[in-house]
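Q: Output the structure for:
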Amino acid sequence: MKKLSIFILIISISFTFIGCSKDEVVIKSSKFFEGDAERIGAHLEMITGCIKINYSGDKNVRTKYEIWENGELEDSKDGISIPAESVKRENEISISIQDDIKTGSMNMKYMVKYSEGYGGFTQSLEGINLFNTDEENWGFGTVEIQDAIHATDNGEIAVWGVIAFNGSKYKSPNNSRTIEEQVKDAEWGLVLKVYFE
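A: Numbering: from 1, shown residues only. Below you'll find the model as predicted:
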C-alpha cells in the first residue's frame, strides 16, 4: 500500500510539472492605435498591428515573416530577435506597413519592446503596393489573433497577417480560420511569426 501511495504521488507531481510547462507562451492581440486614434490609423496609408507575448522560458524570442502569393510561399526572412537575457515577462511587437512613394513599393517595420528598450527591423516589400499602383487595385485587410494563444516554445506561431485580393474579389477576414489558412488563401498575403531558440 505504501509503494502504491508513493507511486501515485510521483505521478501527481509529474502531471503538475507537465501542466505548468505546457503554457509557457501566451500571445494576445493588442492595439497599435488606441481609442479615438484608431479611426485615424486606417487613413494614414499604414497597415498596423500589435501583439503581446507573455513568455517565462529561457530561449531567445525570434521573429520572421513570410510572403505568400496564390497559395505559394514566395519569400521568408528572419527579423529581429529578443535575446534570452533581455526577455521579460511581457514583450510587445508592433508592426506597420507603409507606402514608399520613392520606390513604388511598401516598407514594413516592426519594433520589439523588451526589458532594456526597443529594437527594430525594416524591410522593403518589393513587387506590390497595396495603397498606390497604376496597374492593379487591391482590397486588403489585417488578420489578427481573436483569442489568446497558449502554446509551448517548440514551434513557430503565426501572430499577425495581411491578406489582399485584386479588385472586387476581397474577402473579409474569417475569425473561424487560422491566420495561416487565410494568408495562404489570399492572392497576396503576409504572415508574421514568432519562434523560440
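Q: and the residue sitting nearest the centre point of the chain, which of the three is it?
A: Centroid-nearest residue in the chain, with Cα atoms, centre = their mean: V159, separated by 2.6 Å. Following DSSP: H, G, I helix; E, B strand; the rest coil, V159 is assigned to strand.
Q: Give me the nearest residue to it, chain neighbours excluded.
A: Ranked by Cβ to Cβ, 6 or more residues apart in numbering and with sequence neighbours excluded, the top spatial neighbour of V159 is I51, at 4.9 Å. All C-beta spots, glycine's among them, are computed from the backbone N, C-alpha and C.
Q: picking that back up, look up how far F33 lies from the residue nearest to the centre of the chain.
A: Remark: distance between V159 and F33 (Cβ to Cβ, to the nearest Å) = 18 Å.
Q: Specify the beta-bridge partners of the nearest residue to L125 once chain neighbours are set aside.
A: Leaving aside its chain neighbours, L125 sits nearest to M106 (4.5 Å; criterion: Cβ to Cβ, 6+ apart). Note on M106: beta-bridge partners D99, L125, judged by DSSP bridges.
Q: check contacts around the residue nearest to V159.
A: By Cβ atoms under 8 Å, 6 or more residues apart in numbering, the residues touching I51 are 27-30, 92-93, 145, 159-160.
Q: helix or strand right after the lowest-mean-pLDDT helix or strand in the chain?
A: The weakest-scoring helix or strand in the chain, judged by mean pLDDT, DSSP states H and E, is helix 2-22 (a mean of 43). As assigned by DSSP states H and E, the chain's next helix or strand after helix 2-22 is strand 25-29.
Q: about what we covered before: dump the residue contacts of the residue nearest to the centre of the chain.
A: Here V159 is in contact with 27, 51, 53, 93, 145, 149, 179, 192-194 (Cβ under 8 Å, 6+ apart).
Q: repeat for K109
A: 95-98, 120-123.
Q: repeat for N129
A: Taking Cβ under 8 Å, 6+ apart, we find N129 in contact with 99-100, 104-106.
Q: Take those residues and, keeping just the buried ones, write it as a PyMOL select command.
A: Only the buried entries of these go into this PyMOL selection, using 16 or more other Cβ atoms under 10 Å:
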select buried, resi 99+100+105+106
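Q: Output the contacts of N129 as JSON lines; include the columns distance to S86.
A: Below are those laid out as JSON lines (distance: Cβ to Cβ, whole Å):
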{"residue": "D99", "distance to S86": "32"}
{"residue": "D100", "distance to S86": "30"}
{"residue": "G104", "distance to S86": "37"}
{"residue": "S105", "distance to S86": "32"}
{"residue": "M106", "distance to S86": "29"}
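Q: Minimum pLDDT in the contacts of N129, which residue is that?
A: Note: of these, the lowest pLDDT belongs to G104, at 76.
Q: What are the buried residues along stretch 185-193?
A: Buried residues in stretch 185-193 (16+ other Cβ under 10 Å): 185-193.
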